[in-house]
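**Q** I need the structure of the sequence given here:
(chains A and B)
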Amino acid sequence: GDSVTQMEGPVTLSEEAFLTINCTYTATGYPSLFWYVQYPGEGLQLLLKATKADDKGSNKGFEATYRKETTSFHLEKGSVQVSDSAVYFCALSDPGAGSYQLTFGKGTKLSVIP
Amino acid sequence: NAGVTQTPKFQVLKTGQSMTLQCAQDMNHEYMSWYRQDPGMGLRLIHYSVGAGITDQGEVPNGYNVSRSTTEDFPLRLLSAAPSQTSVYFCASSPLGQGNYEQYFGPGTRLTVT
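**A** So this is what the prediction gives:
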């Protein structure tokens, strides 16, 4: 079945540092890929998405590129802020295979210190 | 437009009690789903529905029932609560088709079973 593997946390960075959170996936079909963010005490919000190979999703300074050849969707941000402290989830769905279910990675907790 | 709403926000149950977690959305989305979030496990799909009158099981359905009598509502029933069901529960909805596979999440219900 489909699966998502993302780097274990927690990750602690100083403000303005560069962020990378690795995400790789396995899927039988041609999935859509997502990054969701969960701020403390809240539900999940979509951060960015990509639906086909070489697509780059971007939002709030975060970027991720759909790499089919390496089955990866790594999240990056050039300069993190304290307000980026949250848990980040990589996820996929495969609607082309008739599945709208989201398969999640286990999440990576990011803490940004001033 | 309230999006996805969930009630209650917090609940404490004793082992063996039953209860219903409520979920409603006002976006006319066909697809609705329930996830549970446990530390180190990410989010796991419990049940989902692709429209009124249609439900199906996800990854961890045991101990839970759902029904979908209207497009708007998708309640989750715990038949006989067990401590293993202590978790945070999230409801999500999504429009089907149109190339938009984003899921919109509610704020969650934190359930403790003693």
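
**Q** could you pick out the residues of chain B near chain A for me?
**A** B:4, B:31, B:33, B:35, B:40-45, B:48, B:50, B:58, B:90, B:92, B:94, B:96, B:99, B:101-108 (CB under 8 Å from any CB of the partner chain). (Glycine included, C-beta is placed from N, CA and C.)

**Q** try it again at 7 Å.
**A** By CB under 7 Å from any CB of the partner chain, the residues of chain B that approach chain A are B:31, B:40-43, B:45, B:48, B:58, B:90, B:94, B:96, B:99, B:101-103, B:105-108.

**Q** please check those and keep the buried ones.
**A** Buried by 16 or more other CB atoms under 10 Å in any protein chain shown: B:31, B:42-43, B:45, B:48, B:58, B:90, B:94, B:101, B:103, B:105-108, out of the residues of chain B next to chain A.

**Q** of the residues of chain B next to chain A, which belong to strands?
**A** Assigned to strands by DSSP state E, the following of these qualify: B:31, B:42, B:43, B:45, B:48, B:90, B:94, B:105.

**Q** contacts only, for the residue nearest the centre of chain B.
**A** Nearest residue to the geometric centre of chain B (CA atoms, centre = their mean): residue B:34, 2.8 Å. Counting by CB atoms under 7 Å, 6 or more residues apart in numbering or on different chains, residue B:34 touches B:46, B:47, B:66, B:76, B:89, B:91.

**Q** again, only using 8 Å
**A** Counting by CB atoms under 8 Å, 6 or more residues apart in numbering or on different chains, residue B:34 makes contact with B:21, B:23, B:45-48, B:58, B:64, B:66, B:74, B:76, B:89-92.

**Q** can you check residue A:59 too?
**A** Residue A:59 touches A:47, A:48, counting by CB under 8 Å, 6+ apart.

**Q** same thing with the one 5 residues further on?
**A** Residue A:64 makes contact with A:23, A:33, A:35, A:48, A:50, A:56, A:57, A:58, A:73, A:74, A:75, A:76 under the criterion CB under 8 Å, 6+ apart.

**Q** how about 7 Å then?
**A** By CB under 7 Å, 6+ apart, the neighbours of residue A:64 are A:35, A:48, A:50, A:57, A:73, A:74, A:75, A:76.

**Q** whichever of these end up buried, select them in PyMOL.
**A** Selection of buried members from the contacts of residue A:64 for PyMOL, criterion 16+ other CB under 10 Å:
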select buried, chain A and resi 35+48+50+57+73+74+75
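
**Q** and the contacts of residue A:64, which of them are in strands?
**A** Those of these lying in strands (DSSP E): A:35, A:48, A:50, A:57, A:75, A:76.

**Q** which residues touch the second one?
**A** Remark: with contacts taken as CB under 7 Å, 6+ apart, residue A:48 is in contact with A:35, A:57, A:58, A:59, A:62, A:64.

**Q** pick out whichever of the residues you listed sits closest to residue A:16.
**A** residue A:62 (14.9 Å; CB to CB).

**Q** so residue A:102 is in contact with residue B:103, correct?
**A** Yes: the criterion here is CB atoms under 7 Å, and residue A:102 meets it with residue B:103 at 5.9 Å.

**Q** tell me where the chain is predicted with low confidence.
**A** Picked chain A for this. A:95-99 (pLDDT under 70).

**Q** um, chain B though
**A** Ranges of chain B meeting pLDDT under 70: B:97-100.
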